[in-house]
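Colleague: following is a predicted model, sequence given first.
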Amino acid sequence: MEGDIVDLSRRIRLVQRQLHRAQRGRDDVQRGLLSARTASLAIMVYVFSGHDLDVAAEFLAFSSNVKAEQCNLEDMRCLVERAYIAEPTPRIVELMSDACLEKRSVCMLMSAGLFIVHFLLYQWLCEQNCKCGVAPSRLQMVRYALSVVPSDFPPALQAKLRSRLEGPPRKQRKWLQSFRKAWGARLGTLRSLPFTPLHEMQEKAVAFFRWVNGAFSSADKLPLVINMDEASLAFHLSGVVGTVLSTKPFKRVMPGDRARLSHRRGNVTYMASICSDPAFNKCLPQILLGNANCFPKRVLVEVEGELGPNIYAWRENSSWNNRALMRRYIALLCDCLGEVMQEREVYLVLDMASCHLHPSVLKLAMKKEGADHSGASRHDRGVATAGQPCFQAIPCQDARGLAREEERN
């Protein structure tokens, strides 16, 4: 018991001394003072990184434990330049040759080289995580770390640094563990974030509803807004949990999923339509679009009587929507709506896919009911419409542009 108390007291004193040294180093850096060891290490990092002042400045910020919000890299660069100018020229020259192995501490040289590898690896990891959305594996991290070992480093120390990364997987994992601990990383998966920033989604929503308000206010008849969009559906789902027969006691039973590989990988397009008035949703066409492999003629004949009155299965060369199918969809939509086309002001809302905005699609919308066409505005963001009165389009301005106009008024 007594020995445990003595050991605990020794550890507390050790931590207190470490905190005191760290605080003293942080205060010295903020006052523009560098210890001899810190200045020497900063010069080593500067020389071995190919005279990269930013890497040396990051080293000072990292070694002094200065918080990111309190760190001024410009001040750190000035400290590095001041230390480099004050260093005697022969000592800088010897860093560029193997003579530094005899006159400098190998431990300090290795610390400088290790920081350069760590920092470049950290920058690459930030780019992979934040821009590419990739969490690199152990092998990818090790390969990149080996590729950024400083070429200006003495060959003997390069080999020593590489030996830590070229060892067995267990040794690589220990090296990466120390890197993650030092640079605030973890072993895990990236969380899913929305692709579109929140402020941009809000702007699009404001622009859309202002467009709707403008369209409704200028409509002569009761408006009916129809939205059509495509979605990809898996043709065959494998691994679905459910009731499965056991092979015992019936030995002849051999349950299993024997779907073709093309069916497992295949997808069909669902062209879904929905409108603002729930009473008309039952008459809007819902289309399943598949290729000849997904929809053989035999299957279409078998399911013809099973499909609902507004569900259609189209067999084409490809499961992708195109301008020809869009023209076919518009004609089918008009047939499904029937007299509603005369009774209501119909607006078809689409996204900005090229097949939706093809001139032939807009031309067909113009011909319906012999109507004139008012094209979608170039300021419209994410909303495309076609045709009038069959398919009307009211120019929609950018939300920020409208906000500026309101401020002027």
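Modeller: Yes, it's here.

Colleague: neighbours around Arg17, how many?
Modeller: Summarising burial for Arg17: neighbours were counted as other CB atoms under 10 Å, giving 10. From N, CA and C alone the C-beta is placed, and that goes for glycine too.

Colleague: give me the element it is part of.
Modeller: Take DSSP states H and E as the rule and Arg17 turns out to sit in helix 2-30.

Colleague: setting aside sequence neighbours, what's the nearest residue to Leu109?
Modeller: Leu157 (5.8 Å; CB to CB, 6 or more residues apart in numbering).

Colleague: for that neighbour, helix, strand, or coil?
Modeller: Secondary structure of Leu157, reduced to three states by DSSP: H, G, I helix; E, B strand; the rest coil: helix.

Colleague: before we move on, back to that, model confidence over the helix holding Arg17, on average?
Modeller: Looking at helix 2-30 alone, the average pLDDT works out to 66.

Colleague: that's a helix at Leu224, yeah?
Modeller: No: the secondary structure assignment for Leu224 gives strand rather than a helix, going by three-state DSSP.

Colleague: number of residues surrounding it?
Modeller: Residue neighbour count, defined by other CB under 10 Å, stands at 20 for Leu224.

Colleague: just for the stretch 51-200 of the chain, where's the confidence low?
Modeller: Low-confidence segments of the stretch 51-200 of the chain (pLDDT under 70): 65-71.

Colleague: how about 50 then?
Modeller: Within the stretch 51-200 of the chain, the stretches with pLDDT under 50 are 68-69.

Colleague: please enumerate the helices of it.
Modeller: For the stretch 51-200 of the chain, the helices identified by DSSP state H, counting those that start in this stretch occupy 53-63, 73-86, 89-95, 100-103, 106-127, 138-147, 155-163, 169-183, 198-218, in order along the chain.

Colleague: for Ser151, what are phi and psi?
Modeller: For Ser151, the backbone dihedrals (degrees, to the nearest 10) come out as phi -70, psi -20.

Colleague: give me every residue that touches it.
Modeller: Gly50 (CB atoms under 8 Å, 6 or more residues apart in numbering).

Colleague: can I assume Asn227 sits in a helix?
Modeller: No: when three-state DSSP is applied, Asn227 is found to be strand, with no helix at that position.

Colleague: residue numbering should commence at 32 henceforth.
Modeller: That works, and once the first residue is 32, the last one we named lands at Asn258.

Colleague: give me the number of residues near the closest residue in space to it that isn't next to it in sequence?
Modeller: In space, Asn258 comes closest to Val380 once its chain neighbours are excluded; the distance is 4.6 Å by CB to CB, 6+ apart. Neighbourhood size, Val380 [other CB under 10 Å]: 23.

Colleague: let me know the helix or strand that Val380 is in.
Modeller: Short version: Val380 belongs to strand 376-380, going by DSSP H and E.

Colleague: ok now that strand, how far from the chain's centre?
Modeller: The chain centre lies 34 Å from the centre of strand 376-380; the measure is CA atoms, centre = their mean, to the nearest Å.

Colleague: for stretch 193-207, same thing?
Modeller: In terms of CA atoms, centre = their mean, the centre of stretch 193-207 is set 30 Å apart from its chain centre.

Colleague: list the buried ones in it?
Modeller: Of the residues in stretch 193-207, those buried under the neighbour-count criterion (16 or more other CB atoms under 10 Å) are 195-196, 203, 206-207.

Colleague: also stretch 313-330?
Modeller: Within stretch 313-330, judged by 16+ other CB under 10 Å, the buried ones are 315-322, 325-326.

Colleague: then stretch 341-353?
Modeller: Using 16+ other CB under 10 Å as the burial criterion, the residues of stretch 341-353 that qualify are 343-347, 350, 352-353.

Colleague: and for stretch 106-120?
Modeller: In stretch 106-120, the ones that count as buried by 16+ other CB under 10 Å are 106-108, 110-111, 114-115, 118.

Colleague: looking at those, spot the one nearest Gly215.
Modeller: For those, the residue nearest Gly215 by CB to CB is Met107; the value is 19.2 Å.

Colleague: residues touching that closest one, list them.
Modeller: Neighbour list for Met107: 60, 87-89, 91-92 [criterion: CB under 8 Å, 6+ apart].

Colleague: surely the residue nearest to Asn258 and Val256 touch.
Modeller: Yes: applying CB atoms under 8 Å, one finds Val380 in contact with Val256, separated by 6.1 Å.

Colleague: neighbouring contacts of stretch 165-180?
Modeller: Stretch 165-180 is contacted from outside by 144, 147-148, 151-152, 155-156, 159-160, 189, 192-193, 196-197, 200, 203-204, 206-207, 210, 219-221, using CB under 8 Å, 6+ apart.

Colleague: for burial, what's the neighbour tally of Ser95?
Modeller: 21.

Colleague: do Leu292 as well
Modeller: If you count neighbours by other CB under 10 Å, Leu292 ends up with 8.

Colleague: pLDDT score for it?
Modeller: At Leu292, pLDDT is 81.

Colleague: any chance of the buried residues of stretch 193-207 in a markdown table with distance to Arg68 as columns?
Modeller: Output for the buried residues of stretch 193-207, formatted as a markdown table (distance: CB to CB, whole Å):
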| residue | distance to Arg68 |
| --- | --- |
| Arg195 | 23 |
| Leu196 | 26 |
| Gln203 | 30 |
| Trp206 | 24 |
| Leu207 | 27 |
